[in-house]
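Novice: Below are the sequence and a predicted model; questions follow.
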Amino acid sequence: MSAAPEDILDVAIAGGGPAGLTLALALQHELGAALQVAVFDPALDLPVNDARASMIAADGRKLLRRLDVWPDGATPVAALRITDSRLDDAIRPTFLDLAGQADGEPFAHMAPDADLRATLRARAEEAGVSLIAEAIADHRAAPGMVRITLQSGAVRQARLLVAADGARSPTRARAGVAVHAFDYDQTALVATIGHSEPHRGVAVQHFLPGGPFAMLPLDENRSSLVWSERRAFADAMIAADDETFLAEVARRAGPDFGTLSLAGPRGHFPLRFMLAARFVAPRLTLVGDAGHVVHPLAGQGFNAGLRDIMALVRVVAEAARAGEDFGAPAALEVYERARRFDVAALAAATDGLYRLFARPAVRSLRDVGMGLVDRAPGLKRRIVAAASGI
């Protein structure tokens with residue numbers, strides 16, 4: 001592929017989070033240094049202080065390893081245990097126990113977002129990706145290219161602009177892409193929790209009346225807490241001191257983890273559903289949270305973004321190798337078709353699960369259903385395969 005003129009980028013990416021950096025690396029890995037890729041984000045020069053962690057499925061793990069950005073602290077998830085109980089139940093029976101491997105490896109790994117982002121940033125610099133710590137203030141599609149105006153007033157041109165700038169993407173809004181969105185009236189409380197007893201690689205998810213409560217295994221006897229609560233109670237927990245916060249975590253985690261401690265900063269974010277009406281616009285594609293946001297109860301949000309990236313890289317690479325314009329409508333429609341059904345199905349499934357477990361009246365029916373699944377090895381293998389992306 002011939003190099004583009006210095007003033008015309010091949011791909012400009014708005015957003016320097018894990019999705020934007022992974023896309024930049026994947027494009028350069030697939031098409032080589034001749035492809036001019038730039039990532040624009042004012043937060044690129046800021047330290048990362050993120051309490052969240054991501055569950056990485058098998059197909060995403062293959063992509064990250066191929067790009068040589070697999071975090072050192074990634075922890076295998078050997079099993080997922082699901083309970084459905086009231087907060088003060090003395091016993092929480094396991095209704096569904098998912099364990100298995102995908103291609104001979106655990107079906108998922110957990111990695112702290114701060115570690116993942118630092119690894120991606122370092123690798124992007126080594127690979128020659130242009131990292132520009134400035135926001136894109138405006139963009140306008142034109143024949144054969146998109147004109148990009150930076151916050152400083154500088155103007156750049158690119159053949160394709162990718163919105164990887166999060167759930168409230170200003171790039172998507174400027175392009176006039178409509179979204180279907182609503183709030184769950186819940187907040188996710190997140191933290192890294194140390195515990196005296198080992199987790200043995202087991203992820204635990206309790207479906208409680210206030211919302212799903214998950215302890216997901218990390219290295220060094222730590223777990224990633226993702227605790228969904230009704231907004232009013234979550235606000236009280238956000239304001240609470242560490243001792244009170246840990247006492248409420250211990251109440252929900254139960255005795256299996258032993259003595260708990262905070263092993264990092266606490267964080268929180270509102271839970272909402274969002275699905276873009278389209279994943280493309282003139283000279284623009286959406287990836288990751290810019291195109292879809294789902295409830296974290298299934299741990300699939302980051303994996304859906306990685307699948308966006310894999311699909312977009314295929315589209316760009318095939319068009320580029322054929323000498324075609326990968327920013328043209330025909331190429332972008334291929335990406336739209338590749339991702340629409342998968343993302344819509346995931347969004348419907350996660351929203352449906354949330355609503356099923358949010359209704360106390362059907363608790364006995366859903367527990368019977370989970371029990372039946374738990375006793376069906378073939379179905380469980382299919383669920384593990386789907387969760388792993390195989």
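Specialist: That came in fine, so what should we check first?

Novice: now the helices: where do they sit in the stretch 101-250 of the chain?
Specialist: 113-127, 170-174, 231-239, 242-253 (DSSP state H, counting those that start in this stretch).

Novice: what angle sits between the last one and helix 231-239?
Specialist: Angular relation of helix 242-253 and helix 231-239 on a 0 to 180 degree scale: 130 degrees, by axes from the mean of the first three to the mean of the last three Cα atoms, to 10 degrees.

Novice: Keeping just the C-alphas, turn helix 242-253 into PDB.
Specialist: C-alpha atoms of helix 242-253 as PDB (Å, rounded to 0.1, in the frame of the first residue of the first chain):
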ATOM      1  CA  ASP A 242     -13.900   3.100  53.400                       C
ATOM      2  CA  GLU A 243     -14.800   1.100  56.500                       C
ATOM      3  CA  THR A 244     -18.600   1.400  55.900                       C
ATOM      4  CA  PHE A 245     -18.200   0.600  52.300                       C
ATOM      5  CA  LEU A 246     -16.200  -2.500  53.000                       C
ATOM      6  CA  ALA A 247     -18.700  -3.600  55.600                       C
ATOM      7  CA  GLU A 248     -21.500  -3.500  53.000                       C
ATOM      8  CA  VAL A 249     -19.300  -5.300  50.500                       C
ATOM      9  CA  ALA A 250     -18.600  -8.100  53.000                       C
ATOM     10  CA  ARG A 251     -22.300  -8.400  53.700                       C
ATOM     11  CA  ARG A 252     -22.900  -9.200  50.100                       C
ATOM     12  CA  ALA A 253     -19.700 -11.200  49.300                       C
END
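
Novice: Any stretches of the chain with poor pLDDT?
Specialist: For the chain, the stretches flagged by pLDDT under 70 are 1-6, 89-104, 358-390.

Novice: Point me to the residue sitting closest to the centre of it.
Specialist: Residue closest to the average C-alpha location in the chain (Cα atoms, centre = their mean): residue 302, at 1.8 Å.

Novice: Relative to residue 132, how far out is it?
Specialist: The spacing between residue 302 and residue 132, counted by Cβ to Cβ, to the nearest Å, is 24 Å. All C-beta atoms are positioned from the backbone trio N, CA, C, and that covers glycine.

Novice: ok, and which of the helices of the stretch 101-250 of the chain has the densest surroundings?
Specialist: A comparison of the helices of the stretch 101-250 of the chain by mean neighbour count, using mean count of other Cβ atoms under 10 Å, puts helix 170-174 on top with a mean of 20.

Novice: Going by contacts, tell me the helices and strands next to it.
Specialist: Under the contact criterion of 3 or more Cβ pairs under 8 Å, 6 or more residues apart in numbering; DSSP states H and E, helix 170-174 touches strand 136-142, strand 155-163.

Novice: Please save the CA atoms from the longest one in CSV.
Specialist: Output for strand 155-163, consisting of C-alpha atoms alone and laid out as CSV, is shown next (Å, rounded to 0.1, in the frame of the first residue of the first chain):
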residue,chain,number,x,y,z
VAL,A,155,-7.0,21.3,10.6
ARG,A,156,-6.2,17.7,9.5
GLN,A,157,-7.7,15.5,6.8
ALA,A,158,-8.3,11.7,6.9
ARG,A,159,-9.8,9.1,4.6
LEU,A,160,-11.8,7.7,7.6
LEU,A,161,-12.7,9.0,11.1
VAL,A,162,-13.5,6.4,13.8
ALA,A,163,-15.5,7.4,16.9
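
Novice: domains of the protein?
Specialist: Listed by automatic domain parsing, the domain ranges of the chain are 8-56+112-180+272-355, 75-111+186-271+358-388.

Novice: of those domains, which approaches residue 69 most closely?
Specialist: Residue 69 sits nearest to domain 8-56+112-180+272-355 of all the domains of the chain, at 4.8 Å, using Cβ to Cβ.

Novice: need the longest helix for this protein.
Specialist: helix 329-357 (DSSP state H).

Novice: quick one: the longest strand seen in the chain to helix 329-357, angle?
Specialist: In the chain, with assignment by DSSP state E, the single longest strand is strand 179-195. With the same axes, to 10 degrees defining the directions, strand 179-195 sits at 60 degrees from helix 329-357.
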